[in-house]
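> Below is the sequence, then the predicted model.
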Amino acid sequence: MDSKRNARALNSFEELYINAREKEQRIYTDAQLLLLPDIAPSHPHYKEWLVRKHSSVRLIKYLKSKRRPLSILEIGCGNGWLSARLSEIENATVTGLDINQAELTQASTVFKKSNLQFIYGNIADNIFPAQKFDVVVFAASLQYFPSLTIFNSIFPILCPQGAIHIIDTPFYKPGLVAAARERTRAYYTALHVPEMADRYYHHSVDELKKMDHTFLYDPNSFINKLLKRNHPFPWVVVRCQ
């Protein structure tokens, strides 16, 4: 019974999510997808893709510097563009995971590489019992998980020196969470998918304090403000405690 209930919940979320993506003009053609994060300046999300390009290039450069084989899992990979870019790292094997079958199907069609696979599933369902990953990536996807306790499903599949990398995701000061929730509710209401507001979560920096974490980039740090580095999202690395 629980598995059927979970399946219905996932299908409900996928329908809401795809509906919102269509209204936001975030469904891309195969030709556009092949080029992401590069996109035409005339596209309505061009500036957003500049941000995502910056963060993805920075992450890939960091992982390349490891100079060793890496097993990488991207959770919430969507249409797979970042997983595909990560698969260009020498000696990397990449798995993209999502509960969005529509975009996963497109990803599997557009990106065909021997070291890249896409899987439908929920990370909380213990779908990798015999597999270990050096790197787990949440890129603009952690906000669809209610709590950072989801990491408890990830720690068992991390290699001993493995880590979770969180990019393109806001973390709020505790006093600003309520206002962020209201902005999100107003946004999705205006988009005519108000139910999505209940499936989009706002994580506080205080949640990270309970974990072994490092900011590889903090937009609020004194030095970054002084140097006018305006990339809006932090880059957080979480390791097993």
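Looks like it came in fine. Numbers count the residues shown, from 1 in each chain.

> Only C-alpha atoms from now on, for both contacts and neighbour counts.
OK.

> in the chain, what secondary structure element scores lowest on mean pLDDT?
Least confident helix or strand of the chain, by mean pLDDT, DSSP states H and E, is helix 222-226 with a mean of 67.

> Phi first, then psi, for the most centrally placed residue in the chain.
In the chain, the residue lying closest to the centroid (Cα atoms, centre = their mean) is residue 139, at 2.5 Å. Backbone torsions of residue 139, given as degrees, to the nearest 10, read phi -120, psi 110.

> these two touch, right, it and residue 169?
Yes: the criterion here is Cα atoms under 8 Å, and residue 139 meets it with residue 169 at 6.9 Å.

> Now do the strands in the protein.
For the chain, the strands defined by DSSP state E occupy 70-75, 92-98, 116-120, 133-139, 158-167, 212-217, 235-239.

> For the fifth one, name the packing helices and strands.
It refers to strand 158-167. Contacts defined by 3 or more Cα pairs under 8 Å, 6 or more residues apart in numbering; DSSP states H and E place strand 158-167 against strand 133-139, strand 235-239.

> Out of these, which one sits most buried?
strand 133-139 (a mean of 22; mean count of other Cα atoms under 10 Å).

> pLDDT (mean, whole number) over that one?
Here strand 133-139 scores 98 as its mean pLDDT.

> Give the pairing partners of that strand; include direction for each.
Sheet pairing of strand 133-139 (DSSP bridges) gives strand 70-75 (parallel), strand 158-167 (parallel).

> Chain neighbours aside, what residue packs nearest to residue 145?
If the residues on either side of it in the chain are set aside, residue 145 comes closest to residue 201, at 6.6 Å by Cα to Cα, 6 or more residues apart in numbering.

> give me the number of residues near that neighbour?
Neighbour count for residue 201, taken as other Cα atoms under 10 Å: 18.

> before we move on, what about residue 206?
Look at residue 206: counted by other Cα under 10 Å, it has 12 neighbours.

> one step back: save the helices and strands packed on strand 158-167 as TSV, and put in distance to residue 23 too.
Output for these, formatted as TSV (distance: least, Cα to Cα, whole Å):
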stretch	distance to residue 23
strand 133-139	21
strand 235-239	28
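
> Out of the ones you listed, flag the one nearest residue 122.
Closest of these to residue 122 is strand 133-139, at 13.5 Å (criterion: Cα to Cα).

> In CSV, could you pull the C-alpha coordinates for that closest one?
What follows is strand 133-139, C-alpha atoms only, in CSV (Å, rounded to 0.1, in the frame of the first residue of the first chain):
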residue,chain,number,x,y,z
PHE,A,133,29.7,7.3,-5.3
ASP,A,134,32.6,9.7,-4.9
VAL,A,135,30.4,12.8,-5.7
VAL,A,136,26.7,13.4,-5.2
VAL,A,137,25.4,16.6,-6.8
PHE,A,138,22.2,18.6,-6.1
ALA,A,139,22.0,21.4,-8.7
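
> relative to strand 235-239, how tilted is that strand?
140 degrees (axes from the mean of the first three to the mean of the last three Cα atoms, to 10 degrees).

> Now do strand 133-139 against strand 92-98, angle only.
Inter-element angle recorded for strand 133-139 and strand 92-98: 40 degrees (by the same axes, to 10 degrees).

> mind showing which ranges of this structure have poor pLDDT?
Scanning the chain for pLDDT under 70 picks out the ranges 1-11, 222, 224-229, 241.
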